[in-house]
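*Asks:* how does the following fold in three dimensions:
(one chain, ligands or ions: 1)
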Amino acid sequence: MRAVDAYTIQHQPIASIDLMEQVAAAFVTAFTAAYPHQQQAILVACGQGNNGGDGLAIASILAGKGFSNIRVLLTQFSQSPSADYLLNLERLKKTNPSIVLLTNPSELELLRDEIVIDALLGSGLNKPLSGTYAALVFAINQSGATIVSVDVPTGFSSEGEIQAPYQGIKADLAISFQLPKINFFFPESAEALKKFNVVPIGLKEDYIESLPSDWKLITNQWVSATLKPRENFSHKGTYGHVLMLAGNAETMGAALLATGAALHSGAGLVTACIPQSGLTALNVSLPEAMFLRREFLQKATLNKYQAVAIGPGLGVDKEQSQLLDYLLKQNQPLVLDADALNIIANNKHLLDKIPQKSIITPHLKEFDRLFGEHPNWWQRVETARQKAQALQIVIVLKNQYTFIALPTGEVCINPTGNPAMAQGGMGDVLTGMIASFMAQSYTCEQAAILGVYLHGKTGDALAENQGVIAASTLSKAIPKILRECHQ
Ligand SMILES: NC(=O)C1=CN([C@@H]2O[C@H](COP(=O)(O)OP(=O)(O)OC[C@H]3O[C@@H](n4cnc5c(N)ncnc54)[C@H](O)[C@@H]3O)[C@@H](O)[C@H]2O)[C@@H](O)CC1
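*Replies:* So this is what the prediction gives:
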């Protein structure tokens, strides 16, 4: 993001001070949408870098909009204020603001119900907080005030490992500019911010897209452009055939969920290779699905299936291990989930046998069982990046925000999904969706990204009216979301 700012200043007819003005105006629009009352007491806490410069411009704009109860806290901790900070300070002084000069954090006093706008330090953070900044941040956190951070909470690093224990500002809301910070998507950010809001500031979109980066944010635009329409005169053969190898006597639900999701995501044909004991349930709940006896798997012509998935509710006994072993030897890309991954975790030599262009979909625990314990999410995602490259597979590392590591070394961040989806069976549905897209002749990268994004998007649509979403409910709602995205 810092590179984007710098490029924009160089290549657009815009001075950095004017970009700061745009940033401040965008912040105020988002802030006043959340806190519209002009009598609201507000303390704008400013550092002396460009984040503090934003804070000063924000105070001026808020005053211009009739917010009459603003105090501006100026820290005096730095020897070298930034040029734009100084310019904005001169501008602000003309509006006759109420200024609190703070040299000692212990002097901080907040008014009743005062909201703190945190503009102390932003993306320029280059070391852990200490001394006066640490003391001030501690005092602000302790005050119990509502805190809205400019760009990032002070002390929170935008990229790289998040410091543990976290000692920065604990914001109720961070209003960030143009692009979200990568670290907002890591679970450890929950301590630093309850919510983030990303506001556009008119930076060059084409340039942002073209920037070489190891990170990509999945967008609705990409998904809509990638989804192929269902053509006139097409038939079930056009949309591929999924083989779902899943289920065990007591975990047949997982197989049914994965099979159902493959159907609801548009595969032309779906065959469930489940134990005989699940056949009645399959026929009752998913009459569209076909059935392949487990005993016949090794006689079946596997390449008539455009996607083969294995794992949901499978079990990890000898019989299932042998089935997996057999599939791994066929050298056909697979979708591997749940117990298929657990079997591999218990037999690590199998990792190298995963066919290239396969997709594995571990959650945190499955991932660590496969690749070892990780002290934090940043390191876990870096391992995913390395392993996806080394094995030439796609790794879907599941979480509220799922990371998809591609064989190219890129990591895609999925912005969709929500806590209402945190319930058993969701992963089985995801596996079915990914297999379905693979069968519909998307590449393994596309199938994984489409599956993950649309899974989360379906959940987000349902969460508008539901506090909890059962996996089977989500599965049935996929076709509607597909229709909406096929614009
Ligand atoms: N052109 C730009 O770069 C733009 C920057 N903007 C704002 O500017 C911010 C970045 O500004 P700066 O690069 O000036 O940096 P900050 O304002 O985040 O920090 C100021 C300075 O504090 C020092 N510092 C870093 N860590 C510290 C620590 N732990 N304790 C004490 N001092 C520390 C650093 O020397 C840093 O340059 C963004 O977050 C955003 O709010 C926006 O105005 C948009 C344009």
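
*Asks:* report pLDDT for Gln487.
*Replies:* We have a pLDDT of 65 for Gln487.

*Asks:* same question, Thr8
*Replies:* pLDDT, read off for Thr8, is 58.

*Asks:* now the one 3 residues further on
*Replies:* At His11, the model reports a pLDDT of 62.

*Asks:* how about the residues of this protein near the ligand?
*Replies:* 2, 5, 9, 16, 19-20, 23, 47, 49-52, 54, 82, 121-127, 129, 133, 150-151 (C-beta under 6 Å from any ligand atom). Where C-beta positions appear, they are placed from N, C-alpha and C, glycine not excepted.

*Asks:* any idea how far Phe437 lies from Ala447?
*Replies:* 4 Å (C-beta to C-beta, to the nearest Å).

*Asks:* find the nearest non-adjacent residue to the most centrally placed residue in the chain, please.
*Replies:* In the chain, the centroid-proximal residue (C-alpha atoms, centre = their mean) is Tyr401; its distance is 3.0 Å. Closest residue to Tyr401 apart from its sequence neighbours, by C-beta to C-beta, 6 or more residues apart in numbering: Phe185 at 4.0 Å.

*Asks:* also Ile17?
*Replies:* Closest to Ile17 by C-beta to C-beta, 6+ apart is Asp84, at 5.0 Å.

*Asks:* Leu43 is in contact with Leu111, correct?
*Replies:* Yes. Leu111 is within contact range of Leu43, at 7.5 Å (criterion: C-beta atoms under 8 Å).

*Asks:* how many residues are close by the residue nearest to Ile17?
*Replies:* Residues lying near Asp84 (other C-beta atoms under 10 Å) number 22.

*Asks:* what about it, is that helix, strand or coil?
*Replies:* When classified by DSSP: H, G, I helix; E, B strand; the rest coil, Asp84 comes out as helix.

*Asks:* pLDDT value on it, please?
*Replies:* Reported pLDDT for Asp84: 96.

*Asks:* contact partners for it?
*Replies:* 16-17, 20, 50, 53 (C-beta atoms under 8 Å, 6 or more residues apart in numbering).

*Asks:* likewise Leu245?
*Replies:* For Leu245, the contact set (C-beta under 8 Å, 6+ apart) comprises 273, 297, 308-311, 314, 323, 327.

*Asks:* quick check: what element follows the lowest-mean-pLDDT helix or strand in the chain along the chain?
*Replies:* Lowest by mean pLDDT, DSSP states H and E among the helices and strands of the chain is helix 2-11, with a mean of 60. Once the chain leaves helix 2-11, the next helix or strand it forms, by DSSP states H and E, is helix 16-34.

*Asks:* just the mean pLDDT for that following helix, thanks.
*Replies:* Mean predicted lDDT for helix 16-34 stands at 95.

*Asks:* just the buried residues of it, please?
*Replies:* 16-17, 19-24, 26-28, 30-32 (16 or more other C-beta atoms under 10 Å).

*Asks:* quick one on the thing from earlier: now do the shared contacts for Leu111 and Leu43.
*Replies:* Arg71.

*Asks:* tell me which of those two has more neighbours.
*Replies:* The neighbour comparison of Leu111 against Leu43 (other C-beta under 10 Å) goes to Leu43, with 26 against 12.

*Asks:* what's the helix or strand harbouring the more buried one packed up against?
*Replies:* Using DSSP H and E, Leu43 sits in strand 42-46. In terms of contacts (3 or more C-beta pairs under 8 Å, 6 or more residues apart in numbering; DSSP states H and E), strand 42-46 is packed against helix 50-64, strand 70-75, strand 115-119.

*Asks:* adding mean pLDDT and mean neighbour count as columns, could you present those in JSON lines?
*Replies:* Shown next, in JSON lines, are those (pLDDT from 0 to 100; neighbours: other C-beta atoms under 10 Å):
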{"stretch": "helix 50-64", "mean pLDDT": "96", "mean neighbour count": "25"}
{"stretch": "strand 70-75", "mean pLDDT": "95", "mean neighbour count": "22"}
{"stretch": "strand 115-119", "mean pLDDT": "98", "mean neighbour count": "27"}
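
*Asks:* for the ligand, what's its nearest residue on the stretch 251-400 of the chain.
*Replies:* The nearest approach of the stretch 251-400 of the chain to the ligand comes at Trp378, 18.7 Å away (C-beta to the nearest ligand atom).

*Asks:* the nearest residue to Val468 once chain neighbours are set aside: how many residues sit nearby?
*Replies:* Excluding the flanking residues, the one nearest Val468 by C-beta to C-beta, 6+ apart is Ala420, at 5.5 Å. Using other C-beta under 10 Å as the criterion, Ala420 is surrounded by 16 other residues.

*Asks:* part of a helix, is Ala420?
*Replies:* Yes. Under three-state DSSP, Ala420 falls within a helix.

*Asks:* look at it and report its pLDDT.
*Replies:* 97.

*Asks:* all helices for the stretch 51-200 of the chain, in order.
*Replies:* 83-93, 131-143 (DSSP state H, counting those that start in this stretch).

*Asks:* how far off strand 115-119 does the last one point, in degrees?
*Replies:* With axes from the mean of the first three to the mean of the last three C-alpha atoms, to 10 degrees defining the directions, helix 131-143 sits at 150 degrees from strand 115-119.

*Asks:* low-confidence ranges in this protein?
*Replies:* Applying pLDDT under 70 to the chain picks out residues 1-14, 487.

*Asks:* okay, now the domains of it?
*Replies:* Segmentation of the chain into domains, based on automatic domain parsing, reads 2-212, 220-485.

*Asks:* most neighbours per residue, which of the ones you listed?
*Replies:* Mean neighbour counts were compared across the domains of the chain using mean count of other C-beta atoms under 10 Å; the top stretch is domain 220-485, at a mean of 20.
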